[in-house]
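Student: Here is a sequence together with a model predicted from it:
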Number of protein chains: 2
Amino acid sequence: MPFSLSEYRERIEKTKQLMEVEGVEVLLLTNPANMHYLSGYDGWSFYVHQALAVIMEEEQPLWIGRKQDANGAQLTTWLHTDHIIPYPDHYVHSHLKHPMDFVADILTQIGQGNRRIGVEMDAYYFTAQAFSRLKQGLPNARFQDSTLLVNRIRLIKSDTEIDYMKKAAKIVEKAMQTGLNTIAPGVRECDVAAAICHSQIGGTPEYGGDYPAIVPLLPSGERTSTPHLTWSDQVYKPSDTVILELAGCYRRYHSPLARTAVVGSSSSLVQELFEVVKEGLNVTLDAVKPGLTCEEVEAVWRQSIARKGLLKDSRLGYSVGLNYPPDWGEHTASLRAGDRTILQPNMTFHMIPGIWFDTYGVELSETFRVTETGCEVLASFPRELFQCPGGSLFHPLKESGA
Amino acid sequence: MPFSLSEYRERIEKTKQLMEVEGVEVLLLTNPANMHYLSGYDGWSFYVHQALAVIMEEEQPLWIGRKQDANGAQLTTWLHTDHIIPYPDHYVHSHLKHPMDFVADILTQIGQGNRRIGVEMDAYYFTAQAFSRLKQGLPNARFQDSTLLVNRIRLIKSDTEIDYMKKAAKIVEKAMQTGLNTIAPGVRECDVAAAICHSQIGGTPEYGGDYPAIVPLLPSGERTSTPHLTWSDQVYKPSDTVILELAGCYRRYHSPLARTAVVGSSSSLVQELFEVVKEGLNVTLDAVKPGLTCEEVEAVWRQSIARKGLLKDSRLGYSVGLNYPPDWGEHTASLRAGDRTILQPNMTFHMIPGIWFDTYGVELSETFRVTETGCEVLASFPRELFQCPGGSLFHPLKESGA
């Protein structure tokens, strides 16, 4: 188990407190990260419907999932066997039956069919059909939206969670260096991605890596005009710009990191944009401290780049930590105008000041923890535009003299 | 673009024919695989809401997604610029606005607000909230469930799709061999997973690999009692059983393959179970031919293992091909009792006769294409219980004499 039993019990306690406040008697979680957070459950089974039910009066939640995954629940959770409830395989990808029919039957059988049930309306894997079948199967229940109830608890990390994110940061340092060392003219993008993944999963000699919730985002050339492209089997060409956005992951906890590199020589446009982004990131990280709101942090960045005549119309960052594919973000606080979440110690964010123009873009990011007085950046990696081959820092003067 | 323009147009044509049959005037796709199938769109952006709208009277579908992904849509789809519609970033993970509000506004603006709209009710990423906001924003539309409309078209592959799956099969052969070569007493599971991922993504010297929709499933020891556990940083111990379920992926097309290995010597229980599974797989593959139903194929397997006193209560396999995380299955046909889908040439399945007991399990699988007369197994890999180190075939007699 990644955490002590007392830490799980504390999480359940906090969850029940929020349920009480919101008038939820049964919380039906389908977000795999929230299921993991409260129970420890860890398996790649979220491609079929499953749920964790927190019942106000029950000490332990119920895991309800596919029969062949029940042994996985036994092996990875702190729940007693009688709290692990398997559904038969004919519910899987069936046109006649739906796993949420089974969940509704179970809740009815244990006397929870007429309660106020919180569901995660906008969580991944809680489909429109899942909700429809649940409502049909529980006609006497009252449903309400509890999408971020557990996510809000996850905002502030325990010391063990911080330790895991620091381990993830060590992994991403290594993976980023591997990527920069591998990029070179004539090398295929897929071979760089392969080397990065090897490094992410192998981890360090002391501890291994888990799979990050997002694969390496590795656009190059014109594809740096957009952040979420992966890789091809084309080779790098001299003067390509390459964006590397990666995370290290340790026991499902992520530390993302983005850097930009150039193959051989870079255009002055990319260098100029990079300098603006770097200065903006540096001054904004310097400004972070508890008591500020997310929008106040973003305003520092906004003012910094406005002095260079730039505007970034996408958010500057978001809370980060525990997650499963397809996202490592936590969907609670975002560093952007309008978000008045107040920073508190042990909140963790990925600050990612990426700017994408029509034919090129630059990213430079850090994952940080809010401390008692400011912030602690988790990874230690130079904030520079890198020159590949070699992955060394880019020196414009040296380059122009070459 | 992975396919010719004419192949995309043919797919749109088939989609419109099914829309006609089902009385759908606007098909709003959110399944990333279906978006990709019809438009070519390929980016890791499905962690935010996005959609592809096929309108009966329009030649090209509309891509509607996050602004920073619009350049990605330009670069990866065959759509004209005016069919790529970006939403502003403040819709992302917001408590006030929802991307489906924007989608509803766009459909209204272009005169589609009062039509019969098909939505993928049970597709990943089409959340209960997405549907709720869509209904709210389109009060005059009539919604109906079109979850598998495009998936059904995907059941029969084109020659190019088969070629991609064969390329994926070459990749998985390599990745499986890498895994078997790496497993040994004292080696950490994460280092085996790292080597496998390197092999999956690096691909072959001729073509690179894409990211599979599922990471390597790599349970060992007692964890082989369940199929969907990944890896830890523990080391392999002599007599561990190890299950490897992997896919090769080429341009989003998958060829999965599962094998079982033993570290050093294996228990006779595992060997016995393996022989039953192997015989069942062999006779069932021999029986596959067009015209049979999925349940008739499964019955062959069922009878084979029943002769040894075994029953597998989970499905034997499923249609496979194009997909994105979290699944490489297509969710249409399953090889199981009750599924009367008739096999036709160029359907492709992953036949995965896994059997999991309380303390151990065995998997042995093949991905095959239905041919005009039978079936063609895509990967060429010995159907044996492997002995690691070395990944050589397991010879019980030799072993017992050692």
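Tutor: Cool, the structure landed. The structure presented is a predicted model; accordingly, all values stated were derived computationally and were not measured. Residues are numbered from 1 along each chain as shown, chains lettered A, B, ... in the order given.

Student: pretty sure A:Pro325 contacts B:Asp327?
Tutor: No - contact between A:Pro325 and B:Asp327 fails when scored by CB atoms under 8 Å: they sit 10.6 Å apart. To be clear about C-beta, it is placed using only N, CA and C from the backbone, and glycine gets the same treatment.

Student: Looking at the two now, which is surrounded by more residues?
Tutor: Higher neighbour count among A:Pro325 and B:Asp327: A:Pro325, with 24 against 20, using other CB atoms under 10 Å in any protein chain shown.

Student: Pull out the buried positions in the longest helix along chain A.
Tutor: If you go by DSSP state H, chain A has its longest helix at helix A:159-182. Buried residues in helix A:159-182, defined by neighbour count with 16 or more other CB atoms under 10 Å in any protein chain shown: A:161-162, A:164-182.

Student: is chain B contacted by it?
Tutor: No - shown here: helix A:159-182 not in contact with chain B (CB under 8 Å from any CB of the partner chain), separated by at least 10.4 Å.

Student: pLDDT averaged over that helix - what is it?
Tutor: Confidence over helix A:159-182 (mean pLDDT, whole number) is 98.

Student: Skip ahead from that helix and say which helix or strand is next.
Tutor: Using DSSP states H and E, the helix or strand that directly follows helix A:159-182 along the chain is helix A:189-202.

Student: is the next helix or strand after that following helix up against chain B anywhere?
Tutor: Where DSSP H and E defines the elements, the next helix or strand beyond helix A:189-202 is strand A:241-250. No - using CB under 8 Å from any CB, strand A:241-250 never reaches chain B; the gap is at least 9.4 Å.

Student: Could I get the contacting residues of A:Ile352?
Tutor: Going by CB atoms under 8 Å, 6 or more residues apart in numbering or on different chains, A:Ile352 touches A:245, A:256, A:258, A:316-317, A:363, A:365.

Student: Pull the number of nearby residues for A:Met1.
Tutor: Counted with other CB under 10 Å, A:Met1 comes out at 12.

Student: so it touches A:Asp42, yeah?
Tutor: No - assessed by CB under 8 Å, A:Met1 is found out of contact with A:Asp42, at 9.6 Å.

Student: and for those two, which residues touch both?
Tutor: A:Thr76.

Student: domain assignment for chain A?
Tutor: A:5-154, A:156-388 (the TED database).

Student: Of the contacts of A:Ile352, which belong to strands?
Tutor: Taking DSSP state E, the ones among these that sit in strands are A:245, A:256, A:258, A:317.

Student: what stretches of the stretch 1-150 of chain A score poorly on pLDDT?
Tutor: Scanning the stretch 1-150 of chain A for pLDDT under 70 picks out nothing.

Student: cutoff 90 now
Tutor: By pLDDT under 90, the weakly predicted segments of the stretch 1-150 of chain A are A:95-96.

Student: What ranges does it have for its strands?
Tutor: A:26-29, A:51-55, A:62-66, A:84-87, A:116-119, A:142-145 (DSSP state E, counting those that start in this stretch).

Student: Deepest-packed of those strands, please.
Tutor: Most buried of those, by mean neighbour count (mean count of other CB atoms under 10 Å in any protein chain shown): strand A:26-29, with a mean of 27.

Student: what's the spacing between it and its chain's center?
Tutor: Averaging C-alpha positions (CA atoms, centre = their mean, to the nearest Å) puts strand A:26-29 22 Å from its chain's average.

Student: what about dumping the CA coordinates of it to CSV?
Tutor: Backbone C-alpha positions of strand A:26-29 (Å, rounded to 0.1, in the frame of the first residue of the first chain) are rendered in CSV as follows:
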residue,chain,number,x,y,z
VAL,A,26,-23.7,8.1,-0.5
LEU,A,27,-20.8,9.3,-2.6
LEU,A,28,-20.4,7.2,-5.8
LEU,A,29,-16.9,7.8,-7.1
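
Student: So what are the sheet partners of that strand and their directions?
Tutor: Sheet pairing of strand A:26-29 (DSSP bridges) gives strand A:51-55 (antiparallel), strand A:116-119 (parallel).

Student: List the contacts of the shortest one.
Tutor: Counting by CB under 8 Å, 6+ apart, the neighbours of strand A:116-119 from elsewhere in the structure are A:19, A:22-28, A:30, A:107, A:126, A:131, A:134, A:138, A:141-146, A:149, B:128.
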